[in-house]
Structure formats: structure tokens, C-alpha cells
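Colleague: What shape does this take:
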Amino acid sequence: MKHWTVACLLAAALLSGCSSSDDSKNASGTGSQAAGAGGYSEGGPGGAGGAGGAGRAAPGSQEDLVQSAGDRIFFDTDRSNLTPRAMTTLDRQASWLQQYPQVNIWIAGNCDERGTEEYNLALGQRRANADRDYLVAHGVNRGRIQTISYGKSRPIDPASTPEAWAQDRNAITSVR
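Modeller: Below you'll find the predicted structure:
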């Protein structure tokens, strides 16, 4: 009986540690690294990721990226230019990617709910491309990066408030 209890606890710990590495959750911002709710802010090392919140994540993993560099940057309304704060996060991401040359990434560009679907898809792509271009200019091989735009289809915060919209205007980097 004691072995069964230990096995169940280990299985639960593994599942909780793996749940935040799902690329679709990270790309949509619904994983454990979602900005706002957990106090995670742009580029903040030591975010909500990691193996159940205890200790260091596996080197080169999504959780390691979140803890070491941050996985997302934010944009102003109707803009795709990088802010100084975004560039600081991207500098850390570039360093992290140079440390793990075997890691490839997705960059998902996202928008808030305002505007047409077509406009937001194009804006999200410009945001993802700005992120990618910055990383490439800072030594990351372009072939390691894929971009996608989700436009307004994957909000982090579904509320219709200025605070929610600020969280939804982002580019999220995910290990693939």
C-alpha cells in the first residue's frame, strides 16, 4: 500500500510539472505562465513555471526559458515596435537560446479583442516577426524560429477592460 501511495504522488507531481510545457497552452497564454493572475510580469525570471514550483526546471525546457529569460513580451495598442522592456526580455531570450543551440522555438503574436480578425492576424504576425527579427539580429539562427499569428483568437484575459487588453497584446515564445 505504501508503494502505491508513493507511486500516485510521483505521478501527480510529474503531471503537474509537465502541464505547463504544452506548446498550445504556452502559445495561448493559458499555461502556468499566464501574465497577470500569478503575478508573472513581462520577462520576469522566476515566473510561475518550473517543476511544480520547487527547484530549477530541466535545462533547455520551456520552464527553464520562463525562469531564466521570460517567455513573453508586450506591445502598445496597434503597435508592433519593441519597447525597451521587451528588448531586455529578448536579450535574455537570445542569451538563453545561444546556451541551448539544440532548442527550436515558436513565437506566437497575439492581439486584444478590438479590431477586425484580418487586421489582428496581420498585426499579430508583425509582432511575432519583430520578436524573431530581434533574436536573429542578436545571434539566433533564423532556422530555429517559427512564427505564427493568432490575432485575437487566444486572449490571456477574456475580460473587455484596458488591463485585459494590455495582457492580450503580446508575443509568446515557446520551446518546440
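
Colleague: Go ahead and name everything in contact with the biggest helix by length in the chain.
Modeller: Secondary structure of the chain per DSSP state H: the longest helix is helix 117-137. Residues outside helix 117-137 that contact it (C-beta atoms under 8 Å, 6 or more residues apart in numbering): 73, 75, 78, 80-82, 86-87, 90, 93-94, 97, 107-111, 115, 142, 145, 147-153, 169-171, 173. For the C-beta atoms, the positions are set from N, CA and C on the backbone; glycine is no exception.

Colleague: So for the residue nearest to Gly60 when sequence neighbours are not counted, what's the pLDDT?
Modeller: Spatial nearest neighbour of Gly60, excluding adjacent residues (C-beta to C-beta, 6 or more residues apart in numbering): Tyr100 at 4.2 Å. If you check Tyr100, the pLDDT there is 98.

Colleague: residues near Tyr100, how many?
Modeller: Residues lying near Tyr100 (other C-beta atoms under 10 Å) number 17.

Colleague: ok, and for stretch 102-111, which residues are buried?
Modeller: 103, 105-111 (16 or more other C-beta atoms under 10 Å).

Colleague: Okay, helices next: where are they in this structure?
Modeller: Going by DSSP H, the chain shows helices at 2-18, 23-28, 62-68, 84-99, 117-137, 162-168.

Colleague: least reliable of the ones you listed going by mean pLDDT?
Modeller: For the helices of the chain, where the average pLDDT is lowest is helix 23-28, sitting at a mean of 35.

Colleague: picking that back up, next one: the residue nearest to Gly60 from Ser80, what distance?
Modeller: In this view, Tyr100 and Ser80 are 27 Å apart by C-beta to C-beta, to the nearest Å.

Colleague: Check Val140 too.
Modeller: On the measure of C-beta to C-beta, Val140 and Ser80 end up 19 Å apart.

Colleague: can you check Asp71 too?
Modeller: Distance from Asp71 to Ser80, by C-beta to C-beta: 18 Å.
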